[in-house]
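curious how this folds, go ahead:
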Amino acid sequence: MFIRTKARKNKDGTIREYLQIVENERVNGKVRQRVIGTLGRVDQLKDGQLDSLIDGLCRVTERLAVIDKAKDLKAHWSKEYGIVVLFRRLWSEAKLDRIISELLRCRQIEFDVAEAVFAMVLNRLVDPSSKLKVNEWTKKDVYEPAFEKLQLHHFYRALDVLAEYKDKIEEALFFNELNLFNQELDLVFFDTTSAYFEAEGTSELRRYGYSRDKRPDRTQVVIGLLLRSDGVPIAHEVFPGDAADVEACLQQITSCKKRFRIRKLIFVADRGMVSSRTLKALEEAGYDYIVGMKMRKLRDIREVLSRPGRYSKVDEHLEVKNIEHNGKRYIVCVNPEEAEHDRRAREQIIRYLEEKLKNDTGSLLGNRSYRKYLTIDREAVRISEEKVREDERYDGKYVLQTSTELPASQVAQAYKQLWRVERAFRELKSSLELRPMYHWTDQRIRGHIMVCFLAFYLETMFARRLESISEAESPKEVLEDVCRVKAVEVELGGKRFIVRTQFDGKAHLGFKAVGMRPPGEVLHA
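Next up, the predicted model:
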């Protein structure tokens, strides 16, 4: 086909030219031009219409070219890939595959337990699901050929193995972390949380108790978690749902001494863990401690707060004072900003009480926040100036007890690091979806919690590696970009290839953090 100009003479003698698309064709042995279409008068097309027409034709031509090429290209599936490779690297560096295989070397198990555990741990990190869904997920949503032989019953049996060897795995991880320059721990943080069940029933572990999840209608277990000062988890214990925090703490202290052969340790725990038995157990184990104290329930604390002395400023939000009382060392900590907040809140309550007492006193007595400022006698209900002054002592303050000789500022700062445990529990319960749980037997419950512990361990490893190359980057954001790196099976010219998608955002930082080069664009040909 080509373009030609066709001239026509009108009756008045004027000549007009038309633009036509024509093609040559042979008729009866002779070449003739066949008009495909007339584009219009040349004089009118020169006013810009011709340029628009050409642009439109070009677009159609490009699309047709793409369509023509796409006839030979088909995409069959897209699966998780980047996140698999990244955490496979961390899994191997933690030697978890070797640890699990070594523990089972004398047992005849027909499937790869370490691979089943890795699949469940990876699922916790990417798309937390039930074990039934994990089986489907490994087949349909993840590109990892090693998962192809795994079946549903392998995951359940792997949970039993994890429960059986939980202590040995934790110990192996702990001693792997030690090196010539890191033979002793300095701080170990401990706290507890609860996790409830959706399924009905009770067992030795599944009991009703105080629920931190606000689900007293569900049976639960209590979980105690030990962390190093850098946030790396050391170990965890699972206790019956009705276990008290103090009992959990005592058992963890004994376990820590026996299992990890720790020579030097400062045990840091919140006020819920404190009892004379707890502190005695720590002293007998040879451990120092920094513990929060229950402020309003102990007579010694009231006496400590009344002792004179000057505060030393640690930072804008913390001042500390060292107090020796009855052979014990206490650190009184105050946050000036919180102290001012407490003072204003109390003044507002007092003003409200003064107005309320003029008319109605009955409604005040049932409110504990109001009642602590009131004196009730036969004659009347009135505001107690003595109780108000007593309450002022606690403004913005908390008290620590310690057996260490560390400066007061370091004691307070160490205690403030307990946020690491709180963050760990938030991570376990939200991102890794520790609860609710649907398992029936205690063995499977312990196995499920161990999977979550290992996932948190690997996630912490990644966060530390990322921080070493870029302190400003968010591990969550980097991992989200890594998750966007997919494996895609394409068919081209009758042949199938597995390729990866391009790296977007901060995905490259994830691989850099774990010391890997990005995988090649063609994974399998």
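
pull the longest helix from this protein.
What stands out as the longest helix in the chain, according to DSSP state H, is helix 442-469.

and the closest residue to L374 other than its chain neighbours, how far from I350?
Excluding the flanking residues, the one nearest L374 by CB to CB, 6 or more residues apart in numbering is V381, at 5.6 Å. Heads up, the C-betas are built off the backbone N, CA and C, glycines and all. According to CB to CB, to the nearest Å, V381 and I350 sit 14 Å apart.

now do N326
With distances taken as CB to CB, N326 is found 34 Å from I350.

more neighbours, those two?
Counted by other CB atoms under 10 Å, N326 and I350 do not tie: I350 has more neighbours, with 14 against 8.

so the more buried one: helix, strand or coil?
The three-state label for I350, taken from DSSP: H, G, I helix; E, B strand; the rest coil, comes out as helix.

ok, it touching V388?
Yes. The pair I350 / V388 is scored as a contact, 6.9 Å apart, by CB atoms under 8 Å.

hey, what's in contact with both of the two?
Y373 (CB atoms under 8 Å, 6 or more residues apart in numbering).

where does this structure have low pLDDT?
Counting by pLDDT under 70, the chain contains low-confidence ranges at 1, 45-73, 178-186, 262-263, 360-366, 378-379, 431-433, 435-436, 525.

mind giving me the domain split of it?
Each structural domain of the chain that the record assigns through automatic domain parsing is listed here as a residue range: 2-71, 338-392.

which residues in the stretch 1-150 of the chain form helices?
Counting by DSSP state H, counting those that start in this stretch, the stretch 1-150 of the chain has these helices, from start to end: 42-44, 50-70, 82-93, 96-103, 113-126, 131-140.

packing partners for the third one?
Here helix 82-93 is seen to pack against helix 113-126, helix 442-469, helix 475-483, helix 507-513 when contacts are counted using 3 or more CB pairs under 8 Å, 6 or more residues apart in numbering; DSSP states H and E.

would you mind getting the angle between that helix and helix 442-469?
Using axes from the mean of the first three to the mean of the last three CA atoms, to 10 degrees, the direction of helix 82-93 lies 100 degrees away from that of helix 442-469.

any idea how far helix 82-93 is from the chain center?
Using CA atoms, centre = their mean, to the nearest Å, the mean C-alpha position of helix 82-93 is found 17 Å from that of the whole chain.

give the buried residues for that helix.
Buried residues in helix 82-93, counted by 16 or more other CB atoms under 10 Å: 82-91.

check stretch 260-267 too.
260, 262, 265-267.

hmm, who's touching it?
By CB under 8 Å, 6+ apart, the list of residues contacting stretch 260-267 from outside reads 171, 174, 183-188, 190, 234-235, 253, 256, 282, 287-291, 404, 406, 414.

now the buried members of the residues you listed.
The neighbour-count test (16+ other CB under 10 Å) marks 171, 174, 185, 187-188, 190, 234-235, 253, 256, 282, 287-291, 406, 414 as buried among the contacts of stretch 260-267.

surely W77 and E489 touch.
Yes. Between W77 and E489 there is a contact under CB under 8 Å: 5.2 Å.

quick one: which of these two has more around it?
Taking W77 and E489 together and counting by other CB under 10 Å, E489 has the greater number of neighbours (17 against 13).

quick one: secondary structure of that one?
At E489, secondary structure determined by three-state DSSP is strand.

in space, what's closest to it - neighbours in sequence excluded?
Spatially, and ignoring its direct neighbours in sequence, E489 is nearest to H76 (4.4 Å; CB to CB, 6+ apart).

how many other residues sit next to the one you found?
The local packing count at H76 equals 10, with neighbours defined by other CB under 10 Å.

do the same with H325
By the other CB under 10 Å criterion, the neighbourhood of H325 contains 13 residues.

cool, P240 as well?
The tally of other residues near P240 (other CB under 10 Å) stands at 19.

got a list of what the residue nearest to it when sequence neighbours are not counted touches?
If you skip the residues right next to it in sequence, P240 has R207 as its closest partner in space, 4.8 Å away by CB to CB, 6+ apart. R207 makes contacts with 219-221, 240-242, as judged by CB under 8 Å, 6+ apart.

so can I have JSON lines of those residues showing secondary structure and distance to P145?
What follows is these, written out as JSON lines (DSSP: H, G, I helix; E, B strand; the rest coil; distance: CB to CB, whole Å):
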{"residue": "T219", "secondary structure": "coil", "distance to P145": "40"}
{"residue": "Q220", "secondary structure": "strand", "distance to P145": "39"}
{"residue": "V221", "secondary structure": "strand", "distance to P145": "36"}
{"residue": "P240", "secondary structure": "strand", "distance to P145": "42"}
{"residue": "G241", "secondary structure": "coil", "distance to P145": "41"}
{"residue": "D242", "secondary structure": "coil", "distance to P145": "46"}
